[in-house]
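[1] coords please:
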Amino acid sequence: MNARYCSAALLALCLGLPLSARAYQIRYSRTGSVIRWVRAEFPIHYYIDSNPSMPAGAVEGVIRAFQSWENVGPARLSFAYRGLIKSPAVANDGKNCIIWVEDGWRHGAQTIAHATTWYFLEDGRIVDCDIEVNARDYDWSTAPSAETLDIQNVMAHEIGHLLGLDDIFNSLDRTMFGFILRGETTKRSLDIDEVRGSSFLYPFSASFEAIEASSIDREGESLLPFLPRRDTPEGANIILISSCDWDRDGIGRELAAVSYEEESGFTFHVYRLPDPEEKEEDISIAAKDEWMIAAGSNARCMAAVDADGDGSRDEIVILKDTAEGEPVINVYKFSSAMEAPSLLCRIPLGTSDSTTHMAGMNGDEICLLRKVEGRRYNLSLHKLDISREKLSLKENYGELPVAPDEEVLSIFSLEEDAGKAAVLGVLAADAKGRARIDFMEPTPDGELSCSLSIQLPGSSPVLATSIDSNGDGLLNEIVLITE
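    Purely as a prediction, here's the structure:
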């Protein structure tokens, strides 16, 4: 197959624009194939021009723009910054480059930036994309200014083209709107339309058609399934999951889940797993509502905690991006089994926060996993104070020990004593889909040590959490959801 190329240009804003009602636009090859990357290519590697005339902080601005797309929960996108490159060229050479062009700009003075994508005509598979930045006709900065263009703002738009999205012309503040103003920063924050578009191109979901609960065999370094795979009453495109004590009976046998559908957006479910002794009992839906995720926002991660100290993990913590792009932790309380939870507190984290996963630990403690760069992760322990609406750092464990070609899919806590989380489980997989769970325990000097690692041959897990499936009062079994 021969690779073809397509182009997309971001223009300076002019008046009299035709407006379209479409929420997002995707691109097709001439044979009708959707133009996009294949999952095997993730993380998408990229290089940044080493041109010394780039303004201070430009590299960090580009990296933050890629990070904003990584935070799209339903799509599970990932990128890897490979460093600076000298004199990059617009070429189908397997290197996706951000190119700073001061001389020889080829796309007209009104064009601010230009993305060139190479793809196979037959199936639309992208093989290369280079993004040129017009430094000949425009001044650039990393802070809002009426005289300059914001690098992060423009790059967030161009990365949308790199992924396969096309320009839209229905709203000035959308990331993929095809025109821009000096001093504008609204494109930095992705809207629900960008979430829907990237999720259409790169759907990520897990169905409960493939769920099983397992106990941990430490001596044999394996998982021992004890709950056969079950179907749910209806299909569910699950993107987040956590065990909880929804009915407050002291048994964490319920699973809180957030699903995503293009038409309805984000929906919250609570599933109740059957008793392992009841072999014919099905997984049931205990609750379903849309109260948890507001329209226009994006859900990143979720955990259940005992934030009020009543002995039950009946508070749900969800980290989401608001419609304005602000990452916020919302804490909800289950008031009764028949009512939707009430909002206990709301804690903004700051626009640069890169948290991708969380796990409820002891009582009101949560672990946050932040992506530092590429596939490097930092793990920290925090105290959740709902009365003061504050998140306080208790321990910074530093970098999580995962291989450069591995991606963390889930983190969760396990209990050895009732109500006391002693172990952190980390589900990770490499580019070939080979998965494993590492069990991390804190050391006296404030670090994490891997006490057990279990390989998961022959399965393709995408999510994992702990659960009290056998009703012994301990979250010491594991639920795996596979593709």
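[2] and Leu381, how far from Ser410?
    17 Å (C-beta to C-beta, to the nearest Å). No exception for glycine: its C-beta is placed from N, CA and C like everyone else's.
[3] out of those two, which sits in the busier spot?
    Neighbour totals were compared for Leu381 and Ser410, and Ser410 leads with 24 against 21 (other C-beta atoms under 10 Å).
[4] the more buried one sits in which helix or strand?
    strand 406-417 (DSSP states H and E).
[5] residues of that strand that come out buried?
    406-415 (16 or more other C-beta atoms under 10 Å).
[6] ok, those residues vs Ser222, which is closest?
    Leu414 (15.6 Å; C-beta to C-beta).
[7] list the contacts for that closest one?
    216, 421-425, 439, 466, 475-476, 478 (C-beta atoms under 8 Å, 6 or more residues apart in numbering).
[8] from those residues, which ones fall inside strands?
    If you go by DSSP state E, those have 216, 421-425, 439, 466, 478 in strands.
[9] picking that back up, now pLDDT and distance to Thr482 too, for the buried residues of strand 406-417, in TSV please.
    What follows is these, written out as TSV (pLDDT from 0 to 100; distance: C-beta to C-beta, whole Å):
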residue	pLDDT	distance to Thr482
Glu406	80	17
Glu407	82	16
Val408	87	17
Leu409	86	11
Ser410	91	12
Ile411	93	18
Phe412	93	16
Ser413	90	21
Leu414	87	20
Glu415	82	24
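[10] ok, these vs Asn362, which is closest?
    So of the buried residues of strand 406-417, ranked by how close each gets to Asn362 (C-beta to C-beta), first place is Ser413, at 8.2 Å.
[11] which secondary structure element of the protein has the lowest mean pLDDT?
    strand 284-289 (a mean of 55; mean pLDDT, DSSP states H and E).
[12] the stretch 1-150 of the chain: helices as residue ranges?
    Assigned by DSSP state H, counting those that start in this stretch, the stretch 1-150 of the chain shows helices spanning 58-70.
[13] so where do the strands sit in it?
    3-12, 25-26, 44-49, 79-85, 97-101, 111-120, 126-134, 140-141, 149-150 (DSSP state E, counting those that start in this stretch).
[14] worst mean pLDDT among those strands?
    Among those, strand 3-12 carries the lowest mean pLDDT, a mean of 63.
[15] got the CA positions of stretch 169-182 in CSV?
    Written as CSV, here are the backbone C-alpha positions of stretch 169-182 (Å, rounded to 0.1, in the frame of the first residue of the first chain):
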residue,chain,number,x,y,z
PHE,A,169,-16.9,26.2,12.4
ASN,A,170,-19.8,26.2,14.9
SER,A,171,-18.3,27.8,18.0
LEU,A,172,-15.3,30.1,18.5
ASP,A,173,-14.2,28.6,21.8
ARG,A,174,-14.0,24.9,20.6
THR,A,175,-10.5,23.4,20.3
MET,A,176,-11.1,22.3,16.7
PHE,A,177,-12.6,25.6,15.6
GLY,A,178,-10.6,26.4,12.5
PHE,A,179,-9.7,30.0,13.2
ILE,A,180,-7.9,31.8,16.1
LEU,A,181,-7.2,35.1,17.7
ARG,A,182,-4.1,36.5,19.2
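[16] sheet-wise, list the partners of the strand holding Ser410 with their directions.
    strand 420-430 (antiparallel) (DSSP bridges).
[17] average pLDDT for the partner strand?
    So the average pLDDT for strand 420-430 ends up being 83.
[18] now do stretch 256-271
    pLDDT averaged over stretch 256-271 gives 74.
[19] what's the span of that stretch, first residue to last?
    End-to-end distance for stretch 256-271: 6 Å, by C-alpha to C-alpha, to the nearest Å.
[20] what do you get for stretch 107-124?
    End to end - C-alpha to C-alpha - stretch 107-124 spans 24 Å.
[21] chain center to that stretch: distance?
    26 Å (C-alpha atoms, centre = their mean, to the nearest Å).
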